[in-house]
Structures are given as C-alpha cells and as structure tokens.
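[1] Coordinates for the following, if possible.
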Amino acid sequence: MLSLLELLFKKPLVVGVVALILGILIGIPIGWSTVTVVDTTPAVLRSDLQEDYLRMAIDSFRVNADPNLAVQRWVNLGPSASQIFEKIQKDPKGMDPRVITIYNQVIQTWQKSLPASKPSGVLPGFVVLLAAIAVILLVVGVAAFIFLRPLLRNRSTGEVTPTMQMTEANREAEKSKTDFQSLGVAPPITQNMTTYVLGDDLYDESFSIDTPGGDFLGEYGVSVSELIGVGDPKKVTALEIWLFDKNDIKTATKVLMSAHAYSDGTIRARLEPKGELVMVEPQRQVMLETATLQLLAKVVDLQYGSGALPANSFFERLTLELAIWQKTKPA
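    Below is the predicted model:
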C-alpha cells in the first residue's frame with residue numbers, strides 16, 4: 001500500500017505547504033535567538049538584572065529627588081516592577097529604608113492619579129512571540145487542511161487515487177523489467193519504469209543520468225504533450241518523451257500518440273514541431289539518441305479510456321520502460 005508520505009510528496013503544492021510549515025517551525029526560533037535588541041527597556045532583562053536596575057533607580061532618587069524620573073524608571077520595568085520592589089523592601093541589602101519608603105510613596109501617588117482603565121504595564125515580548133507563532137500556525141494549519149483533505153479523505157475511505165494506481169503499476173512493472181544482460185546487451189547505466197494514469201493531471205516524470213562514479217551526464221523523462229476533449233479528469237492523447245545530453249546543444253524529443261491522434265491530421269500538424277511522431281502500440285520500442293547518449297523506451301502496458309470521445313483517443317493507463325546507455329567512443 002502506498003504510504004502517506006509518498007502520496008504527499010507526489011504533489012508539488014503539498015510539498016510547498018509542508019516546506020512552509022517546516023520553514024516557520026525552524027526559522028522563527030532561529031531568527032528569534034539571533035535577534036539583537038537595541039533601544040529597548042529593562043522590561044526585557046532577566047529578573048536579577050531588573051532588580052539591579054530598580055535598586056540603582058532608588059539610589060539615584062536619593063541623590064536627585066526627581067519624582068518624574070523615578071516614575072519613568074518604574075514604568076520601564078513593566079508589570080514586574082511591583083514584585084521586584086517588594087523583594088527590595090524585604091531585603092534592602094544596605095540601602096537606606098527611608099529612601100525606599102519615600103520612593104514607594106512617589107510611585108503610589110502616581111498610580112492613584114492614573115485613570116482606572118489605563119493598563120499598568122506592557123505585554124512581554126515573549127508573549128507577543130508566542131501569539132505570533134500561534135496565529136501563523138493556525139493559518140498554515142487551515143491551508144494545509146484544505147490542500148491535504150482530498151488525500152486524507154481518499155486514504156480513509158479506501159478510494160484508489162491516480163497516484164496510488166501509478167505507484168502500484170510501476171511496482172508490478174518492475175517485476176518484468178528487461179534483463180538486457182541476458183539478451184547479450186550491456187546493462188544500461190540507468191533503467192526506470194514510469195506510468196501515466198488517467199486523472200494524474202500533473203504527470204511529469206524526470207530522471208537524472210549519472211555515471212557509476214557520480215558524474216552528471218544529463219536527464220530524461222516523460223510529460224503530457226496533448227489533451228483531447230473537455231472536462232475533468234483531463235484526457236491525454238499524446239505524451240512527450242525527451243532526452244537531454246549535457247554534451248549536446250539539442251534535446252532529443254519524440255511524441256507518443258494515441259491511435260486516434262496519430263490518424264488525425266489536425267492533431268499531427270500541431271504536434272509535428274515537437275519531434276518525431278510515434279503511434280503507441282503494446283511492446284513497441286522507441287529509440288532517442290543524442291551526441292553521447294541513447295534512450296530505449298518500451299511500451300510495457302497500454303489501456304485506452306472509453307466514453308463519449310472517439311475510440312482509442314486517450315490513455316487510461318500507459319506504462320513505459322526507459323533505459324539509458326552511454327555511447328561508446330569510436331576506436
């Protein structure tokens with residue numbers, strides 16, 4: 001059975017949502033931990049440093065006796081000022097108790113003059129951070145639910161999705177993968193199965209070509225080339241198979257067409273600029289060549305869809321075996 005991760009990462013949109021969530025969860029803590037705070041108040045300091053600040057404020061009041069400055073420094077400590085002041089009252093640590101008492105009277109007089117509705121302090125920065133994270137996660141969660149709901153619903157109800165059909169078809173095709181070595185042919189440097197299934201509107205498979213030593217040689221793949229009819233799911237009547245060679249300035253392309261599309265002059269004329277036209281038939285082999293690479297594509301399974309459209313006009317399922325060889329250099 002296809003795993004949930006395989007279902008999720010087959011869809012580019014889902015990958016984007018997952019990447020966004022991970023970026024937020026990882027990026028915000030990292031960004032917050034590396035923030036340099038300037039021009040702020042003692043309200044963001046540790047409690048022991050806030051205590052030191054208030055002690056210095058009281059000591060300064062003993063010298064300058066400025067009530068406005070005393071109140072401003074009290075406000076700078078935020079909501080924790082009262083708790084810290086009580087601690088200083090209980091343990092003056094050599095400070096003059098009379099100065100502490102007078103400072104307290106100044107603060108009480110100021111507090112009594114405030115309107116009843118006026119807030120007594122500022123919201124700590126950490127609480128603001130948590131609130132921002134909660135809002136972002138809520139938005140991302142709703143978006144993720146909207147995008148992932150069809151996948152989760154299909155999985156919970158047992159409905160077979162195009163992605164599940166494609167994976168199962170590839171798995172079955174792997175069992176009959178061609179053993180080229182037993183046929184007296186050198187084994188390919190890469191060999192893959194790919195399946196298009198009706199309903200996979202984003203079908204676009206590509207594979208990298210690398211030497212055993214890890215050197216990049218090129219890429220190859222299959223994608224939708226032409227549709228027929230209207231409505232959903234989209235009806236594919238032709239696929240493009242392509243081969244890119246890093247040593248060749250031109251990408252080799254051939255168009256695999258349904259029997260109906262191949263016999264339709266209008267469709268043929270529209271697709272001819274894309275490459276050589278080939279009618280798909282069971283077990284048919286198609287060769288693509290570039291300066292240094294060869295690609296052999298074999299039709300492993302072919303099923304046409306049925307309905308109001310002409311017979312043999314769109315694919316219900318098409319499985320291809322793709323094998324790549326590196327051309328031997330002439331002696």
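[2] Could you use CA atoms for every contact and neighbour count after this?
    Will do.
[3] So what would you say the end-to-end distance of stretch 207-222 is?
    The straight-line separation of the ends of stretch 207-222 (C-alpha to C-alpha, to the nearest Å) is 9 Å.
[4] One more: stretch 298-316?
    Stretch 298-316 has an end-to-end distance of 17 Å (criterion: C-alpha to C-alpha).
[5] hmm, who's touching that stretch?
    Stretch 298-316 is contacted from outside by 173, 197-198, 228-229, 235-238, 258-261, 280-286, 317-322, using C-alpha atoms under 8 Å, 6 or more residues apart in numbering.
[6] Which among those count as buried?
    Buried members of those, scored by 16 or more other C-alpha atoms under 10 Å, are 173, 197-198, 228, 235-238, 258-261, 280-281, 285-286, 317-322.
[7] These in strands, which ones?
    If you go by DSSP state E, the buried ones among the contacts of stretch 298-316 have 197, 228, 235-238, 285-286, 317-322 in strands.
[8] Just give me the closest of these to residue 254.
    Ranked by distance to residue 254 (C-alpha to C-alpha), those are led by residue 286 at 8.5 Å.
[9] for the residue lying closest to the closest one once chain neighbours are set aside, what are its contacts?
    Spatial nearest neighbour of residue 286, chain neighbours left out: residue 297 (5.0 Å); criterion: C-alpha to C-alpha, 6 or more residues apart in numbering. By C-alpha under 8 Å, 6+ apart, the residues touching residue 297 are 285-287, 320-323.
[10] Low-confidence ranges, the protein, go.
    Counting by pLDDT under 70, the low-confidence segments of the chain come to 1-17, 28-29, 31-39, 116-129, 143-160, 329-331.
[11] Let me see the domain layout of the chain.
    Recorded structural domains for the chain (assignment: automatic domain parsing) are 4-36+125-157, 42-112, 165-326.
[12] Out of these, indicate the one that is most buried.
    domain 165-326 (a mean of 17; mean count of other C-alpha atoms under 10 Å).
[13] First-to-last residue distance for that domain?
    So domain 165-326: terminal residues 32 Å apart, C-alpha to C-alpha.
[14] distance of the residue located most distally from the centre of the chain from residue 132?
    Distance from the centre of the chain peaks at residue 98, with 63.6 Å (C-alpha atoms, centre = their mean). Distance, residue 98 to residue 132, by C-alpha to C-alpha: 44 Å.
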